[in-house]
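Visitor: Turn this into a model:
(one chain, ligands or ions: 1)
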Amino acid sequence: MVSSRVNGINESATVSMSNKAAELKEAGKTIYSFGIGEPDFTTPEEIIDYAFKEAKAGKTHYTPSAGIMELRQKIAEKMKRKNGIDATASNVLVTPTKFSLNLALYSLIDPGEEVLLPAPYYVSYPDIIKLNQGKMVTVPTDENYELDFDSLGKYVSPKTRVFMLNNPVNPTGKVYSEKSLRKLSDFIIENNLYLISDEIYEDLVYKGKMFSPGSIEEMKDRTVTLSGFSKSYAMTGWRIGYMVAPVDIIKAANKVQQQTLTCAPSISQYGAMKALENEESVTKMKKEFEKRRNLAVSLLKEINDLSFYEPEGAFYIFPGYSIDRSDDAISLDLLEKQNVIVTPGSPFGAEKHFRISYATSEDVIREGIGRIGKYFNGQQK
Ligand code: PMP
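Guide: This is a model prediction of the structure:
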């Protein structure tokens, strides 16, 4: 018998879809996938070469649990330079980004304490909150995915400890303005909360500007900023990211890291060190994503039944539709009838929506969205 804590956790929303897709592929069908949330590029060669060189030179051992000191220093410098966050190595813990979400909650909340979460949200947040014995309280957003500051106070109780924010947002592509984030920060300070700011898509902003609330002086002691190398440098498989927070939170999270992961993979830490010197590859991939974004947006606009917020960042679009069919059923239809993979919206907290990841080739975008159009225009229903 597995524990009730784990029994309450869902498997990833994309798992059953990709199992089904694998069956169709085996049967010889070509599948057009907008399912997976990762860059299709290979990690830049110089990052791979450097990590392998270090591995061959014997850097294959445990590292300090919080990360190699030189990497922590480089991350602190990056936080100052790019995010305006005043950090030193002591404020940095190196760990895979999804694990850092767990470490942050593990370190901040006691069982039953509440976490405010704007919907739609990153699909893993509800289960990560549950796994860490917190209680998710969703807060609605308007048609432009803005927070309603007039009603936000309604969701605060004596048990509220954390506001969890993802910016740019997976799945909507929303990028919050500095003005909104300053208002949110005022709310967090007034209610004596902590902010977990998941900025993993920080480099993929096409419109508007990235702003990190951790850069606001009064927020410094109550913000945990998370980011990583997966999306900016096409390094999903390296499992490497980091958390930047006040020293007491880093120390707490490091204790948990010591008793779970021990440390982040040594070879990946060397790769990350090289990545931080490699801004050109970020710019190059971002340009490519932006082209794909523009193409996907223009093609989706031609589909009558769909309406969506034009994404400003990340690599997702989150269309809503009006026909009377659940998002689960629509996603299954698209796979079975059009060989297209999308992710249903409900697990992201928005019914009658689906998520498209455009981190794929322009050919797939053209053909795949064409097929989505055929489905919605009813020609092949
Ligand atoms: N946060 C968000 C919003 C994400 O979309 C993802 C990855 N899909 C993660 C965290 C986890 O990143 P990683 O795979 O690097 O742990």
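
Visitor: For Gln269, the count of nearby residues, please.
Guide: Gln269 has 24 neighbours, counted by other C-beta atoms under 10 Å. Quick note: C-beta positions are derived from backbone N, CA and C, even for glycine.

Visitor: Now do the SS call for it.
Guide: At Gln269 the chain is in helix, as set by DSSP: H, G, I helix; E, B strand; the rest coil.

Visitor: How far away from the center of its chain is stretch 364-381?
Guide: Relative to its chain's centre, stretch 364-381 lies at 27 Å (C-alpha atoms, centre = their mean, to the nearest Å).

Visitor: Alpha carbons only: can I get it in CSV?
Guide: Provided in CSV are the C-alpha atoms of stretch 364-381 (Å, rounded to 0.1, in the frame of the first residue of the first chain):
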residue,chain,number,x,y,z
VAL,A,364,5.2,20.9,-37.8
ILE,A,365,3.6,24.2,-36.8
ARG,A,366,2.1,24.7,-40.3
GLU,A,367,0.8,21.2,-40.8
GLY,A,368,-0.3,20.7,-37.2
ILE,A,369,-2.2,23.9,-36.8
GLY,A,370,-3.7,23.3,-40.3
ARG,A,371,-5.0,20.1,-38.9
ILE,A,372,-6.3,21.8,-35.7
GLY,A,373,-8.1,24.2,-38.1
LYS,A,374,-9.6,21.3,-40.0
TYR,A,375,-10.9,19.8,-36.8
PHE,A,376,-12.5,23.0,-35.6
ASN,A,377,-13.9,24.0,-38.9
GLY,A,378,-15.7,20.7,-38.8
GLN,A,379,-14.4,19.3,-42.1
GLN,A,380,-13.2,16.1,-40.7
LYS,A,381,-15.1,15.8,-37.4
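
Visitor: May I see the buried residues of it?
Guide: Burial within stretch 364-381, assessed by neighbour count using 16 or more other C-beta atoms under 10 Å, is assigned to 364-365, 368-376.

Visitor: Keep only those of these that are in helices.
Guide: Counted as lying in helices by DSSP state H, out of the buried residues of stretch 364-381, are 364-365, 368-376.

Visitor: which of these come close to the ligand?
Guide: With C-beta under 6 Å from any ligand atom as the criterion, those include none near the ligand.

Visitor: picking that back up, pick out the most distant pair among the buried residues of stretch 364-381.
Guide: The most widely separated members of the buried residues of stretch 364-381 are Val364 and Phe376, with 18.1 Å between them, by C-beta to C-beta.

Visitor: Show me where this protein has its strands.
Guide: Along the chain, the segments classed as strands by DSSP state E run 32-33, 92-95, 114-118, 135-139, 160-166, 194-198, 223-228, 241-244, 316-317, 340-341, 343-344, 354-357.
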